[in-house]
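Visitor: model this:
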Amino acid sequence: MSRTVVITGCASGIGAAAVRRFAEEPGVTIIGVDRNASSDPAVSRTVIGDLSSRAGVEAVAEQITEDIDVLVNNAGVSGTMPWRTVLSINTLAPRDLTQLLLPQFTRDASVVTTASQAGFMWSMNFDLHQKALAVDDWDEALGIYGERGDIDTAAYGLSKEAAIVCTGNFTIAAKALGVRANTVSPGTVDTPLLPSFRESMGAEMIDGASRWAGRHAKPSEIAEGMYFLTSPAASWVNGIDLPIDGGFSPFVYHTYVAPAMGEMMAATAAMGEELATLKAQLAEQNTDAVEEQA
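Guide: Residues are numbered from 1 along each chain as shown. Okay, the predicted model is just below:
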């Protein structure tokens, strides 16, 4: 049976590559969403829209009336944009677009959202994201993130962490409907946004990641992961984040994250031992004091 696929950010980069990959599927209907019309003839139509506000997301959703088999939440911006814009487009827009289109999802529909290796520490900020994502009002949700003193520099990473957390929430909530949801987390990718990432994250970080992996990823390689996650071959894959980074994420984890976490755990254990010793000493002192009074 032919599928209907909605792809946001369809006009360039990973989104355009996703269009090309899904277009290989016989009989597919692709509905694009972007600020600019897609030039790819495989796109049946492009919904021109602005995903930086709740009203803009609603306007886009209203123009999509078809039953949907696949939703690819790919539209996004880099950290060079104002932090409110980053979190609005990268986090709140996919959350709300998914919810607004939910009644049109077919049984066994699938959602894939573009996260990032910049969001790999999502579990460390899990409570923050749950607090913000639970709020429907965008200004209020953004205000929760805005309480962070480093929000200007942290916004992009937080937005991609939130995409992973939000997808997990949706996976649990939509299980009874038969709808699957996953994220992909690319490393550095050779797209028109790459210069912006060099500016916002630093050329040393971007170039270092590509040197370690051997090159930047091709947009088609990210699109292939997206296609797999929405395909029947992944019918039992639900609620995961798929890194597509040439192996850079385990390098970072093994080299930096795991040792730091080990040191933290060792320090916590040492503090626990010191606290136990202190409690024992206090208990002994109290016992001596009672015996003296007796």
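
Visitor: what bits of the chain have low per-residue confidence?
Guide: In the predicted model of the chain, residues 1, 256-258, 260-267, 269, 275, 278-279, 282-294 satisfy pLDDT under 70.

Visitor: Which other helices and strands does the lengthiest strand in it contact?
Guide: Longest strand in the chain by number of residues, with DSSP state E as the criterion: strand 105-114. Judged by 3 or more CB pairs under 8 Å, 6 or more residues apart in numbering; DSSP states H and E, the packing partners of strand 105-114 are strand 68-73, helix 93-101, helix 151-174, strand 180-186, helix 219-229. To be clear about C-beta, it is placed using only N, CA and C from the backbone, and glycine gets the same treatment.

Visitor: Reformat those as a markdown table; add mean neighbour count.
Guide: Converted to a markdown table, the helices and strands packed on strand 105-114 look like this (neighbours: other CB atoms under 10 Å):
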| stretch | mean neighbour count |
| --- | --- |
| strand 68-73 | 26 |
| helix 93-101 | 22 |
| helix 151-174 | 22 |
| strand 180-186 | 25 |
| helix 219-229 | 21 |
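
Visitor: Redo those as CSV? Include distance to A109.
Guide: What follows is these, written out as CSV (distance: least, CB to CB, whole Å):
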stretch, distance to A109
strand 68-73, 5
helix 93-101, 9
helix 151-174, 9
strand 180-186, 8
helix 219-229, 12
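
Visitor: Tell me which of these lies nearest to V57.
Guide: Nearest to V57, of all these, is helix 93-101, at 4.9 Å by CB to CB.

Visitor: Between strand 105-114 and the closest one, find me the angle.
Guide: Going by axes from the mean of the first three to the mean of the last three CA atoms, to 10 degrees, helix 93-101 is angled at 180 degrees with respect to strand 105-114.

Visitor: which residues sit against helix 93-101?
Guide: Helix 93-101 is contacted by residues 6, 8, 51-52, 54, 56-58, 60-61, 64, 68, 71, 73, 75, 111, 113, 133, 163, 166, 170, 181 when judged by CB atoms under 8 Å, 6 or more residues apart in numbering.
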